[in-house]
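Participant: build me a model from this:
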Amino acid sequence: VTRNGIVESRHFGSAVVSDYKGNIVESWGDIDGLVFPRSALKPMLAIQLVESGACDVYALNDAELSLACSSHQGEPIHQKLVASWLNRLGLTEDHLACGAVLPEHTESAHKLLASGQQGCRIHHNCSGKHAGFLTTALHLKLSLENYHVIDHPLQQLSLDILSDLAGVEIKNYPMGIDGCGLPAPTMPLKRLGYAMARFANPEDLSATRAKAIYRLQTAIKNEPIYIAGHGTMVSELNEVTQGRVLAKTGAEGVLTAALPEKGLGIALKITDGSNRARSVVLLTILDHLGFLTAEEKNQLKVHIAPTIENSRGITVGEIRPATSWLSLLNNN
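Facilitator: Take a look at the predicted model:
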């Protein structure tokens, strides 16, 4: 991170590119260390929603499936869709296990407060994921109580699906609790990359699981705005590439991407947990792989080379890949 051309701060991290057979295509840093993938797991957690038949029984559309995979900003479109989805299920926001918060979308939060209202559970960036879990629980006739705790059948099913994609027994690794109350598994970074590669190309998974993944890919491709929101790198990257890249953020500097055409998965973790470095890193890796066209890079330039602005709106610096790392990429 520079100011007037002088390096002011540096972020370090690790990244891996894996294929769906488990081969490491390229890597940087410590890819064997454990990471909390956090919300990067959401597209994989949504597999049970489709695989169980709940998606068809409750006639979920592409926007709702994309929302089930999302870390949304709580914009009006996200709020309205979660609310209508819950209403269709005969449920209310009180059934959501996530806490009440203000929308992450600044304008929406300001309007809410100006009207004298407070944050609610629907505003939570994970409310779409939770709506998906509740839908599956209703369909499978499982208890809605404590659906978020690790010993609930839904969470055990989630861990089994994650283990299948990552090729390891997730239950053997340490477990935490996520910000929304659900279990927060850990896994080596390289296994997260492998899981994303299998999400990109699920041909080695069961036919039922592969069909569910393809359905989710289509939903994210068709409704990219619901997986994050306006102005976000994830929604814009997924939209600009028309689904050739399916990216998903995780808290604390995690970012993943599935490349369906190539059967590749990318996973990265910024060591200090900063989110401002991760988009630059992912886009640099995609460019290094030759996966972005000139037009796509032009449309994504605000995320590829973010500027630092002061309170007067004057550009005073930038965020960019370190010169030494760029040289390494060029040498490769």
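
Participant: all helices of the stretch 51-200 of the chain, in order?
Facilitator: 54-57, 62-68, 76-89, 106-114, 127-139, 153-166, 189-200 (DSSP state H, counting those that start in this stretch).

Participant: would you turn these into JSON lines with mean pLDDT, distance to residue 210 and mean neighbour count?
Facilitator: In this view, the C-beta of every residue, glycine as well, is placed from N, C-alpha and C. Shown next, in JSON lines, are those (pLDDT from 0 to 100; distance: least, Cβ to Cβ, whole Å; neighbours: other Cβ atoms under 10 Å):
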{"stretch": "helix 54-57", "mean pLDDT": "98", "distance to residue 210": "15", "mean neighbour count": "17"}
{"stretch": "helix 62-68", "mean pLDDT": "98", "distance to residue 210": "16", "mean neighbour count": "25"}
{"stretch": "helix 76-89", "mean pLDDT": "97", "distance to residue 210": "26", "mean neighbour count": "18"}
{"stretch": "helix 106-114", "mean pLDDT": "91", "distance to residue 210": "37", "mean neighbour count": "14"}
{"stretch": "helix 127-139", "mean pLDDT": "98", "distance to residue 210": "19", "mean neighbour count": "25"}
{"stretch": "helix 153-166", "mean pLDDT": "98", "distance to residue 210": "11", "mean neighbour count": "19"}
{"stretch": "helix 189-200", "mean pLDDT": "98", "distance to residue 210": "9", "mean neighbour count": "27"}
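
Participant: to residue 8, which of those helices lies closest?
Facilitator: helix 106-114 (24.5 Å; Cβ to Cβ).

Participant: what does that closest one rub up against?
Facilitator: With Cβ atoms under 8 Å, 6 or more residues apart in numbering as the test, helix 106-114 has contacts from 73-76, 79, 102-103, 118-119, 123.

Participant: circling back to that earlier point, between the helices of the stretch 51-200 of the chain, which one is nearest to residue 238?
Facilitator: helix 62-68 (9.1 Å).

Participant: just the CA trace of that closest one, in CSV.
Facilitator: Extracted in CSV, the C-alpha atoms of helix 62-68 (Å, rounded to 0.1, in the frame of the first residue of the first chain):
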residue,chain,number,x,y,z
ASP,A,62,-31.5,-18.4,-9.4
ALA,A,63,-31.5,-15.3,-7.2
GLU,A,64,-32.4,-17.2,-4.1
LEU,A,65,-29.8,-19.9,-4.8
SER,A,66,-27.2,-17.2,-5.4
LEU,A,67,-28.3,-15.6,-2.1
ALA,A,68,-27.9,-18.9,-0.3
